[in-house]
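*Asks:* A structural model of the following input is requested.
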Amino acid sequence: MRKTIAGLLAMFMLFSMPFKVMGASNLSTEQKYEVLRQKNIFTGFADGSSRLYETMSREQLAAVLFRLLELPVQAYSPSFDDVLKTRWSYREIETVNRAGLMKGTKARTFAPLQNVTVEQMAVIFIRSYGLSGGGNTPVTGKVSKWARGAVSLALDRQLIPQLSDYTVDATRGLLVEAAYAVYEDTHIEPLRIRSVDQLSNQSVRVNLQQWTDTADKSRFALKDAYGNIRTIHQATISQDGMSIVLWTDRQLGGVVHTLTIDGISWTYTSTPDDATKPYIVSQPVRLPNKVFEITFSEPVEQNSATNSNNFLLNNGLKIRTLQLSSDARKVIFTTSDQTDGRTYQLTVRNVKDLAGNVMDTRNDLYFVGSNDNTKPKVTEVKVDTNTALVSVKFSEKIDPHHAVQTYHYSIDKGLAVAQATLNSDGQTVILKTTQQQDGSFYTLTVSGIPDVAGNVMDSSSSWKFGAVSNPIVPVNLQEIKAINQNTVEVTFDRAITGSDVNNLKLTALKDNGSQVSMTDWSAFVQWKPGSDRAVTIQFRNKSSNPDLFVTGHWYGARVSGVSGLVTTNDSNYKEFGGTVTDNWIPYVTQAVVLDSKRIKVIFSEPVKNVNETAFRIRVKDGDTVNIDYDELNDTNKIVTEVVLRLKDELEINKNYEMSFQPNIITDAAGWNGLKTSDGSTPYILSFRRN
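*Replies:* Residues are numbered from 1 along each chain as shown. Now for the predicted structure:
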């Protein structure tokens, strides 16, 4: 562990990977808080709540930093008149002050109860990195002059989200996200390397022996045989997690290079020099706070990429700022005031890659103007009495990244938000909470969420909803598939009830994308044999056995009628392909002799209207064997087999034949009769008593 402040700062420089505030972990903010609480980095409150939505004081931040960074404790004389030795936070405040991380607000004054703003938190964390100056990310929101550089550096590392105002008080939720990222990043195991390959003069692939989901460029160092250090701009993980691609400064061709990974060196000889021109890979992308970015095929040179003469706009629009991203592949720009709905053309020229290759001019880049300065508002909050899910409706589409961060939502009385999901409409968020208490009601507060233009909402509180203590467990539609040309199988992720089966409907059918009229269709729904979470739906129209789901076609349909079925983001709609399989009419597959007077008859599928009069038995080329009755004795019951009781005995080692009478037994739907003939000849099933 770190024993000195110098060692602490050295460690931070080693692990200065970007903070993964925006989704690096699959954990929610509440879950991250629980991890940090178990590690004694956060201590929580007496009532057991996390209070992620509340502001934090300077002494709370000092205590978290002290425990997070494991700062060494020494005997200090008091530095501040308002922090006595008897104060609970005395040791923590003195230690972070002596470490140079937090200072007093004025001479001998620490102001322990004063709130911490977002920009102040950024300055303190950047100070812990041992960094100074400015970053690469433009700061377009409100920020104090003294904090602008630190805020830009914090944005580079995604330590804080992009906001329209950085002078507002920071919440404990923001501190949890940042602290968890530090904790996660400083507990990294060395990568196990299999080999190193150069892909181009600006990219190297590191092949791994085992899977990873993190790629911190600061863990890699590259230099050539002449001692020239090559900057690593970006590290990206392959889709299978078994390799990492490093994007670097231009490497000299035909020269031995040494790549150091977690202290272990690998060598390779670079390929011949790069002669490929850079190019723009997509149209301009709008970011929050009226920022746009364009992405190049490879890292580009700083001066040409930030020269305003190389970026031209029409319709009187002007480029205001230009910045190059830390990976040197994205140019971020802002403009003068745009006109809502007007299309602007962007021309980009003369931008060079790191090898000096100049791009071909692009004048086919466009974006639509927006001058939106309206903040989003919460317009409705309601709870689903079946599922206990809370829906939050906004006045407009909101930033999808912020919408799912649980620290933006707080509920009183100790109720926590476990998950937030944005609906496909872009302006409704569904909240899943911890267990609600019967007979209670709750108040929801929503804050800090921007719209897609980057305008941050004002805090919205006093949204009340009643508790739902016994919600139905949600059920998700997993699959629809055609099992024959008029029957589909519908599968869910949990068991459903008999009432669900009775109420289940399949609607909104599409065939190759075109709507299908189902007005003359009838449906028969039944359990899939052997399963409590799947059903089959057989359809007919004017024909009792039509070809509805044919090969070469794709279909889509919506399922409804199941209690607790999740429908957000069209999750109850699935697509499936047609099939070559016909829906064969039911037939008898086997006759099994049980004893001298009993025969079990097995059908190809579930059937009903089973009666002994549907069967005829005789000795092969001989006399009739009379049937007494069927043991089922219920023509309404749907079965796959029946036992026939005989009047006459079956003799050992004799062959028998069974035939079938029409217009009696049908399939479970009652639409297709039992097979009684093969063409013009009767359908005969042979069997033997051994």
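
*Asks:* ok, Arg67 to Ser89 distance?
*Replies:* Using CB to CB, to the nearest Å, Arg67 is found at 12 Å from Ser89. In this view, the C-beta of every residue, glycine as well, is placed from N, C-alpha and C.

*Asks:* ok, now Ile449?
*Replies:* Between Ile449 and Ser89 the distance is 32 Å, computed by CB to CB.

*Asks:* same drill for these two, tell me which one is more crowded.
*Replies:* Neighbour count, other CB atoms under 10 Å: between Ile449 and Ser89, Ile449 has more, with 24 against 18.

*Asks:* can I assume that one is in contact with Val404?
*Replies:* No. Ile449 is beyond contact range of Val404, at 10.1 Å (criterion: CB atoms under 8 Å).

*Asks:* so what touches stretch 253-267?
*Replies:* Residues outside stretch 253-267 that contact it (CB atoms under 8 Å, 6 or more residues apart in numbering): 190-191, 193, 195-196, 198, 201, 204, 206, 219-226, 230, 246, 251, 268-274.

*Asks:* same question, stretch 349-368
*Replies:* Stretch 349-368 has contacts (CB under 8 Å, 6+ apart) with 201-202, 249-250, 273-280, 283-284, 286, 292, 294, 296, 298-301, 304-305, 307, 309-310, 312, 328, 331, 341-348.

*Asks:* taking those residues one by one, which sit in helices?
*Replies:* Under the assignment DSSP state H, these contribute Ser304, Ala305 to helices.

*Asks:* which of the contacts of stretch 349-368 fall within strands?
*Replies:* Mapping these onto strands (DSSP state E) picks out Arg286, Phe292, Ile294, Leu312, Val331, Thr343, Tyr344, Gln345, Leu346, Thr347, Val348.

*Asks:* report the buried members of those.
*Replies:* In the ones in strands among the contacts of stretch 349-368, burial by neighbour count holds for Phe292, Ile294, Leu312, Val331, Tyr344, Leu346, Val348, counting by 16 or more other CB atoms under 10 Å.

*Asks:* for the fourth one, give me its contacts.
*Replies:* What it means is Val331. Residues near Val331 by CB under 8 Å, 6+ apart: Glu293, Ile294, Phe296, Val300, Ala305, Thr306, Phe311, Leu322, Gln323, Leu324, Ser325, Val351.

*Asks:* which of the buried ones among the ones in strands among the contacts of stretch 349-368 sit farthest apart?
*Replies:* By the measure CB to CB, Val331 and Tyr344 form the most distant pair in those, at 15.9 Å.

*Asks:* surely Ile496 meets Val559?
*Replies:* No. Using CB under 8 Å, Ile496 is not in contact with Val559, being 10.7 Å away.

*Asks:* residues that sit against both of those two, list them.
*Replies:* With CB under 8 Å, 6+ apart, Ile496 and Val559 have common neighbours Leu504.

*Asks:* burial check on the nearest residue to Ser560 once chain neighbours are set aside, number of neighbours?
*Replies:* The shortest distance from Ser560 to any residue other than its chain neighbours is 5.2 Å, reached at Lys505 (CB to CB, 6 or more residues apart in numbering). Lys505: 15 surrounding residues under other CB under 10 Å.

*Asks:* just the pLDDT at Lys505, thanks.
*Replies:* pLDDT for Lys505: 97.

*Asks:* again, but for Gly23
*Replies:* Note on Gly23: pLDDT of 37.

*Asks:* repeat for the one 4 residues further on
*Replies:* In this model, Leu27 is scored at 81, pLDDT.

*Asks:* I'd like to know how far Arg362 sits from Val285.
*Replies:* Arg362 sits 15 Å away from Val285, going by CB to CB.

*Asks:* next, Asp156: phi, psi?
*Replies:* Per-residue torsions, Asp156: phi -50, psi -40 (degrees, to the nearest 10).

*Asks:* ok, it - contacts?
*Replies:* Here Asp156 is in contact with Pro18, Gly135, Asn136, Thr137, Ser326 (CB under 8 Å, 6+ apart).

*Asks:* of all these, which comes closest to Lys620?
*Replies:* Closest to Lys620, out of all of the contacts of Asp156 and judged by CB to CB, is Pro18, at 82.4 Å.

*Asks:* circling back to that earlier point, got CSV for the buried ones among the ones in strands among the contacts of stretch 349-368, with distance to Trp463 and pLDDT too?
*Replies:* Output for those, formatted as CSV (distance: CB to CB, whole Å; pLDDT from 0 to 100):
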residue, distance to Trp463, pLDDT
Phe292, 34, 91
Ile294, 40, 95
Leu312, 48, 96
Val331, 41, 96
Tyr344, 39, 93
Leu346, 42, 96
Val348, 46, 97
